[in-house]
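Engineer: quick one, structure for this:
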Amino acid sequence: DPGEVIPNADSTTKVTTRVPAQILKRYVQEGQHVKAGEPLLDLSSVDMAKTQGDLLLASQEWVRVKSLGKDAISAKRYSEAQVAYQHAYSTALAYGMTEEEINELLKTQKPSNAKGEFKLLAPRTGTIFNINFTEGELAETGRVLLQVVEEKTVWIDAKLPPDLVNPVSVGDKVRVIVSGKTIIGSVIQVHHQLDEVTRTRLV
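Structural biologist: Residues are numbered from 1 along each chain as shown. Okay, the predicted model is just below:
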């Protein structure tokens, strides 16, 4: 029976943006192998620009307060400045900036650098699948832009007739023939419902 090779969902990571962002540049192609941490996209976001601006202001206040010292200012102001800086730093990280990008911004201390630009990095080592955007497009939060798949293990969806003499069960050994090469695997899931169109059972 025919089957379709599909990515192993347990080894697949869907790449999304955590804030609405415009896609400025794409660094990868469909089928390309990438390493964890490698840049995938350049993005620009209004929300990120505000976060970067807040981080610069909080950083400047924290530096000022630390230089004055605890003896010269109230404990409340010292604590508030420290918490505000830590919060702004954490927010920038949560929105998708790397520590390297944050430290570079803080090093320059230029408000003109708070443009909302940041890179989306590969979350794992693997192959690029299902690119779902074009450069210049605005991507909303949570939309899957592409997938990174580690291909050491793949799944095969086989559509079997429902009236087999010997029904297939989870754990059964299977023999897969791909381009004349035989691979041994095992059944990990048998769908209980039949496909409405083909009236076959997915294994």
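Engineer: low-confidence ranges in the protein?
Structural biologist: For the chain, the stretches with pLDDT under 70 are 1.
Engineer: neighbours of Phe142, how many?
Structural biologist: Rather than Phe, residue 142 is Gly. Counted with other C-beta atoms under 10 Å, the neighbours of Gly142 add up to 10. C-betas here are computed from N, CA, C, even on glycine.
Engineer: ignoring the adjacent residues along the chain, who's closest to it?
Structural biologist: Distance criterion C-beta to C-beta, 6 or more residues apart in numbering; nearest residue to Gly142, sequence neighbours excluded, is Thr16 at 5.4 Å.
Engineer: repeat for Pro39
Structural biologist: Counting by C-beta to C-beta, 6+ apart, the residue nearest Pro39 is Lys119, at 4.6 Å.
Engineer: Three-state assignment for that neighbour, please.
Structural biologist: Using DSSP: H, G, I helix; E, B strand; the rest coil, the structure places Lys119 in strand.
Engineer: what sits against the residue lying closest to Thr182 once chain neighbours are set aside?
Structural biologist: Nearest residue to Thr182 in three dimensions, chain neighbours excluded: Arg175, at 5.8 Å (C-beta to C-beta, 6+ apart). The contact partners of Arg175, taken as C-beta atoms under 8 Å, 6 or more residues apart in numbering, are 182-184.
Engineer: so Gln76 belongs to a helix, correct?
Structural biologist: You called it Gln, but residue 76 is Lys. Yes. The assignment for Lys76 by three-state DSSP puts it in a helix.
Engineer: what about it, how many neighbours?
Structural biologist: A count of nearby residues for Lys76, using other C-beta under 10 Å, gives 8.
Engineer: look up how far Met48 lies from it.
Structural biologist: 30 Å (C-beta to C-beta, to the nearest Å).
Engineer: longest helix of the protein?
Structural biologist: If you go by DSSP state H, the chain has its longest helix at helix 46-68.
Engineer: what values do phi and psi take at the residue nearest to Gly142?
Structural biologist: Main-chain torsions, Thr16, degrees, to the nearest 10: phi -130, psi 170.
Engineer: tell me the buried residues in stretch 31-44?
Structural biologist: Buried residues in stretch 31-44, counted by 16 or more other C-beta atoms under 10 Å: 34, 40-44.
Engineer: same list (those residues) but as TSV, adding distance to Glu140.
Structural biologist: TSV is the format used below for those (distance: C-beta to C-beta, whole Å):
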residue	distance to Glu140
Val34	24
Leu40	17
Leu41	15
Asp42	17
Leu43	12
Ser44	14
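Engineer: output those residues in JSON lines; the columns should cover distance to Glu135 and secondary structure.
Structural biologist: Below are these laid out as JSON lines (distance: C-beta to C-beta, whole Å; DSSP: H, G, I helix; E, B strand; the rest coil):
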{"residue": "Val34", "distance to Glu135": "18", "secondary structure": "strand"}
{"residue": "Leu40", "distance to Glu135": "12", "secondary structure": "strand"}
{"residue": "Leu41", "distance to Glu135": "9", "secondary structure": "strand"}
{"residue": "Asp42", "distance to Glu135": "9", "secondary structure": "strand"}
{"residue": "Leu43", "distance to Glu135": "11", "secondary structure": "strand"}
{"residue": "Ser44", "distance to Glu135": "12", "secondary structure": "strand"}
